[in-house]
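Chemist: turn this into a model:
(one chain, ligands or ions: 1)
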Amino acid sequence: MQVLSVTPEIFPLIKTGGLADVTGALPVALAGKGVTMRTLIPGYPQVMDAFKKKKAVHQYPLLQGGKASVHAVAIAGLDLFVLDAPHLFDRPGGPYGNASGADWPDNWRRFAALSQVGGDIAGGAISGYKPDIVHAHDWQSAMALAYMRYGKAVGTPSMITVHNLAFQGRFGAGIFGELGLPAVAMALDGVEYYGGVGFLKAGLQAAWAITTVSPTYAQEIRLPEFGMGLDGLINMRSTDLHGIVNGIDTEIWNPETDTHLVSSYTARTLQARTPNRVAVEDRFSLDRDDSPIVCVISRLTWQKGMDILAAVVDGIVAAGARLAILGSGDAGLEGALLAAAARHRGRVGVVIGWDEGLSHTMQGGCDAIVIPSRFEPCGLTQLYGLRYGCVPVVARTGGLADTVIDANEAAVSAGVATGFQFAPNNGGALLHAIRRLVEAHGASTVWTSMQKQGMKADVSWDKSAEKYVELYRLLLSKRAA
Ligand code: ADP
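Modeler: This is a model prediction of the structure:
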């Protein structure tokens with residue numbers, strides 16, 4: 001079975017969040033299960049620089065305002081179609097905005113182009129390649145399904161995975177004329193969304209199947225509180241809606257072989273985490289003592305509940321925990337956390353920025369990772385935490401609720417607890433969870449049992465990849481019908 005994945009990010013080439021980890025890991029996980037996945041991605045500078053031989057498999061004299069070509073290449077073990085369109089993608093900064101974080105004003109054009117090419121490939125534009133299924137991710141590639149639906153590939157099954165419903169790709173109606181879609185597409189059951197054009201909405205409407213990245217989030221987005229205006233449509237499509245929890249790349253994230261760690265370890269040699277812990281203490285200027293280090297590795301945003309955390313830092317310190325925070329995001333939250341670090345020297349350390357290596361060291365050295373998200377489609381950092389014996393403390397929502405087993409009395413005595421959940425998501429409940437954590441950390445047998453139990457949890461892609469394969473098969477049987 002040939003599946004074309006269309007995505008704006010893929011690890012290790014370009015990553016701003018969990019989406020990249022998923023699109024990078026899935027082709028590898030599916031390879032052994034009879035699915036060949038090729039991935040279409042934009043030719044950002046770092047992608048174009050990663051391959052030498054530039055021979056196009058398809059050319060566009062004009063694609064959204066300039067010349068473009070598609071290259072079939074293998075980079076880092078991934079089979080890719082790279083869309084080289086310098087007028088759209090050859091720019092400094094991030095994939096969606098400039099170096100200061102402002103969105104590119106022509107993002108609609110950039111990702112309409114990516115999507116159109118996805119639709120064209122589905123329709124047979126590349127000789128010798130015809131996918132059986134197209135799998136799009138988030139708003140940036142959602143329109144591929146609309147291009148398929150209103151173009152040649154109307155009979156090809158399609159799937160969209162929603163990694164975060166908060167990002168919807170909403171634009172004014174004025175862009176519609178430049179999308180190259182037939183007039184009939186500008187309709188309530190097409191790409192029209194509250195008078196404008198909605199990229200994600202268009203994909204949700206056109207997809208043969210909709211998935212999101214955990215069963216709980218799949219249910220939550222049917223409610224107005226989580227549906228972000230799309231709950232009506234999602235409910236209409238509920239028979240085609242599935243929740244499949246993300247796995248992680250267990251080779252990259254393996255404490256036994258991780259070269260980012262100062263000291264590697266297994267569940268049997270947990271004491272070998274200590275040098276990593278010392279490295280974290282040094283990097284975050286924390287006191288050296290036996291109190292638990294609770295870490296944060298996150299975008300510093302409202303979604304991630306960083307304001308809730310910032311408001312109770314004093315209480316966390318008073319409860320006897322230290323905090324090591326790595327992240328970047330809202331300037332106000334960065335400021336609040338830096339101020340908390342200044343107030344609590346030796347107890348709270350903050351590093352603003354993106355540091356992949358440090359994120360590994362933290363998972364390998366900290367005692368716990370706190371994730372107070374207001375909503376969390378799946379979340380990956382709690383899965384890394386489980387794998388690394390860094391006990392997750394999570395808000396009971398989305399994928400966090402699905403992947404962490406709370407250390408309630410029954411779970412502790414049965415030896416199945418892997419972390420702490422709290423609800424409702426507010427400062428009081430978060431603090432209560434931290435106090436439970438500090439207490440459990442003091443009872444060393446309980447603590448090591450939780451660490452070991454987490455490290456045993458199956459966080460690999462294996463089971464989830466199997467579920468994707470089942471869904472792909474279901475779609476193929478629908479096509480046959
Ligand atoms: P989201 O995709 O919503 O940001 P996830 O938990 O799904 O959240 O994925 C976040 C990913 O980004 C994880 O791989 C995490 O380790 C990584 N990450 C987040 N912030 C940083 C940072 N400042 N430095 C390094 N990695 C980070």
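Chemist: okay, CA-based contacts and neighbour counts for the rest of this
Modeler: Noted.
Chemist: now do the lengthiest strand in the chain, average pLDDT.
Modeler: Criterion DSSP state E: the longest strand present in the chain is strand 66-75. Across strand 66-75, pLDDT averages out at 97.
Chemist: run through the neighbouring helices and strands of it.
Modeler: Counting contacts by 3 or more CA pairs under 8 Å, 6 or more residues apart in numbering; DSSP states H and E, strand 66-75 packs against strand 56-63, strand 78-84, helix 86-89.
Chemist: now do the contacts for Lys54.
Modeler: His71 (CA atoms under 8 Å, 6 or more residues apart in numbering).
Chemist: which strand or helix spans it?
Modeler: Assigned by DSSP states H and E, Lys54 belongs to no helix or strand.
Chemist: likewise Arg277?
Modeler: helix 274-283.
Chemist: what does this protein put close to the ligand?
Modeler: 17-19, 297-299, 326-328, 353-356, 359, 379-381 (CA under 6 Å from any ligand atom).
Chemist: excluding its backbone neighbours, what's nearest Val70?
Modeler: In this structure, Val70 finds its nearest non-sequential neighbour in Leu83, 4.7 Å apart by CA to CA, 6 or more residues apart in numbering.
Chemist: tell me the bridge partners for the one you found.
Modeler: For Leu83, the beta-bridge partners under DSSP bridges are Pro42, Val70.
Chemist: neighbours of the residue of the stretch 151-300 of the chain found nearest the ligand, how many?
Modeler: Proximity of the stretch 151-300 of the chain to the ligand (CA to the nearest ligand atom) peaks at Ser298, 3.8 Å away. A count of neighbours around Ser298, defined by other CA atoms under 10 Å, yields 21.
Chemist: just the buried residues of the helix holding Arg277, please?
Modeler: Thr274, Pro275, Asn276, Arg277, Val278, Ala279, Val280, Glu281 (16 or more other CA atoms under 10 Å).
Chemist: need the pLDDT of the second one.
Modeler: As predicted, Pro275 sits at a pLDDT of 98.
Chemist: what sits against it?
Modeler: Val262, Ser263, Gly365.
Chemist: please report how far it lies from Ser328.
Modeler: Separation of Pro275 from Ser328 (CA to CA, to the nearest Å): 26 Å.
Chemist: re the thing from before, quick check, nearest of the contacts of Pro275 to Trp108?
Modeler: Gly365 (41.8 Å; CA to CA).
Chemist: my guess is the closest one contacts Ala272. True?
Modeler: No - if you go by CA atoms under 8 Å, Gly365 and Ala272 don't touch, sitting 9.3 Å apart.
Chemist: and the nearest residue to Cys366 once chain neighbours are set aside, its phi and psi?
Modeler: In this structure, Cys366 finds its nearest non-sequential neighbour in Ile293, 5.2 Å apart by CA to CA, 6+ apart. Backbone torsions for Ile293, taken as degrees, to the nearest 10, come to phi -100, psi 120.
Chemist: tell me the contacts of Ile293?
Modeler: Applying CA under 8 Å, 6+ apart to Ile293 gives the contacts Ala321, Arg322, Leu323, Ala324, Cys366, Asp367, Ala368.
Chemist: would TSV of those residues with secondary structure be doable?
Modeler: Formatted as TSV, the contacts of Ile293 follow (DSSP: H, G, I helix; E, B strand; the rest coil):
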residue	secondary structure
Ala321	coil
Arg322	strand
Leu323	strand
Ala324	strand
Cys366	coil
Asp367	coil
Ala368	strand
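Chemist: which of those ranks first by neighbour count?
Modeler: Neighbour counts for these (other CA under 10 Å) peak at Ala368, which has 32 neighbours.
Chemist: and Ala50, what element?
Modeler: Counting by DSSP H and E, Ala50 is part of no helix or strand.
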